[in-house]
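Undergrad: sequence plus predicted model, see below.
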Amino acid sequence: MKKILLFILTFFIISCATRVGIEDYNRYAFKLLDQNLYKEAVYYLQKAKNEENLTKKEKVKIFNNLAICYEALGEKEKADEYYKKALKLEESRFVKENYEDFKENNN
Amino acid sequence: MKILKKTIIRFFLFSILIILLLGCAYRSNNIEMSITKQPEIKLDSPTLILPFIIQGRNKELIDDIDFKFYKNLKNSLKKQDLYYKMHYSLNKLRKIARDIMKNNRVDTSIFQRSNIKLLFTAELIIGEELYSSYSEGTSINPDYSAEREGDPRWLESATQWRNRAMNDLSLSMKLHVYIYNIEKDTTVYSEVVKKEEILEDYKNKNLKQSRIYFYNYLIQQMADYYKNEFQVHEKTVRRKYLR
């Protein structure tokens, strides 16, 4: 039993270590966005987007966050494109809310 | 002891599973950011603000509303091609404003040598009303009705609210905005906006001061309306950033 437990724990730690790139980019982009550094945030989110083997959930996150950055930069077409991409992958409540607000502001 | 050990291990494994599942779910952070909002109609040509035509009581308190409105816009928008009066006579400008409102032929020949392309004016109808003046019948106080998203805690019987409403005064303003395009020789914008403020227990208040406060508030509202309708402006929005 101890061996199984040790195996799970090791697997969990290793998996966390290997997936650190995307989460780090995303977290750092949030900090940049919070300081109104939208272009820089886009740069790191694009890096995250170009990572290999992104899961569906990660793609939704990155697309939504990219859309927010593009909206702040005034690039509405790109923002619209990324919101749609995120919603196409998954009808997430958060993305839906963001997209509805975005459309309302641009009508 | 063995059973206890097994239970603890199971509980531990189950907790790890829950943590992993929670980790997979979306977590969001609200973020506030400033976006550029496009107006309904963009007024990017040189615009002259004509005198407003004011109707109703207490006109003397707001006879300079057009100038205050202009100053407010000039300060907040830093708009360089917005003008007020210029060298033209007020009577002439007032006549032009009235002609625009009545849809008469507008004589714009005085602007021929200027760079003015658009004329902005408004008709203001100022109202003061005691609730008691329309409190006939047995319906509930209209200010607390569902239509006006009234607070149910304030639901009162008709007799009660009529008695209380005798001490309330409703200050209202109906604003009809006109924009006239000199080159096209036509009115390009005509919209009506209504604003209302309730002055509770007005008999115990300084009515003149309250009116001035209300009119200043209206000027601010009008300036916001102008920005939203005709100018590219900054707006703070809230979005959900997914973590």
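TA: Now that the structure is in, tell me what you want to look at. Numbering: from 1, shown residues only, chains lettered A, B, ... in the order given.
Undergrad: and the gap between the residue nearest to residue B:218 when sequence neighbours are not counted and chain A?
TA: In space, and not counting its chain neighbours, residue B:218 is closest to residue B:173: 5.4 Å by C-beta to C-beta, 6 or more residues apart in numbering or on different chains. From N, CA and C alone the C-beta is placed, and that goes for glycine too. Between residue B:173 and chain A the computed distance is 27 Å (C-beta to the nearest C-beta, to the nearest Å).
Undergrad: same thing with residue B:183?
TA: Counting by C-beta to the nearest C-beta - residue B:183 and chain A are separated by 28 Å.
Undergrad: got phi/psi on that residue?
TA: Residue B:183 adopts backbone torsions of phi -70, psi -40, taken as degrees, to the nearest 10.
Undergrad: pLDDT score for it?
TA: On the pLDDT scale, residue B:183 is placed at 90.
Undergrad: element containing residue B:92?
TA: Following DSSP states H and E, one finds residue B:92 within helix B:90-102.
Undergrad: which elements pack onto that helix?
TA: Helix B:90-102 is packed against strand B:53-56, strand B:118-130, strand B:169-181, with contacts defined by 3 or more C-beta pairs under 8 Å, 6 or more residues apart in numbering or on different chains; DSSP states H and E.
Undergrad: circling back to that earlier point, the residue nearest to residue B:218 and residue B:195 touch, don't they?
TA: Yes. Counting by C-beta atoms under 8 Å, residue B:195 is a contact partner of residue B:173 at 4.9 Å.
Undergrad: which one of these two is surrounded by more residues?
TA: Under the neighbour definition other C-beta atoms under 10 Å in any protein chain shown, residue B:173 and residue B:195 were set side by side, and residue B:173 has more, 23 against 15.
Undergrad: so who does that one touch?
TA: Counting by C-beta atoms under 8 Å, 6 or more residues apart in numbering or on different chains, residue B:173 makes contact with B:124, B:125, B:126, B:127, B:194, B:195, B:196, B:218.
Undergrad: ok, back up a step: dump the helices and strands packed on helix B:90-102 into TSV; add distance to residue A:64 as well.
TA: Compiled in TSV, those are given as follows (distance: least, C-beta to C-beta, whole Å):
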stretch	distance to residue A:64
strand B:53-56	50
strand B:118-130	41
strand B:169-181	38
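Undergrad: out of those strands, the one nearest residue A:65 is which?
TA: Each of the helices and strands packed on helix B:90-102 has some distance to residue A:65 by C-beta to C-beta; the shortest is strand B:169-181, at 39.7 Å.
Undergrad: partners of the closest one in the sheet?
TA: strand B:118-130 (antiparallel), strand B:186-199 (antiparallel) (DSSP bridges).
Undergrad: buried sites along that strand?
TA: Judged by neighbour count using 16 or more other C-beta atoms under 10 Å in any protein chain shown, the buried positions of strand B:169-181 are B:169, B:170, B:171, B:172, B:173, B:174, B:175, B:176, B:177, B:178, B:179, B:180.
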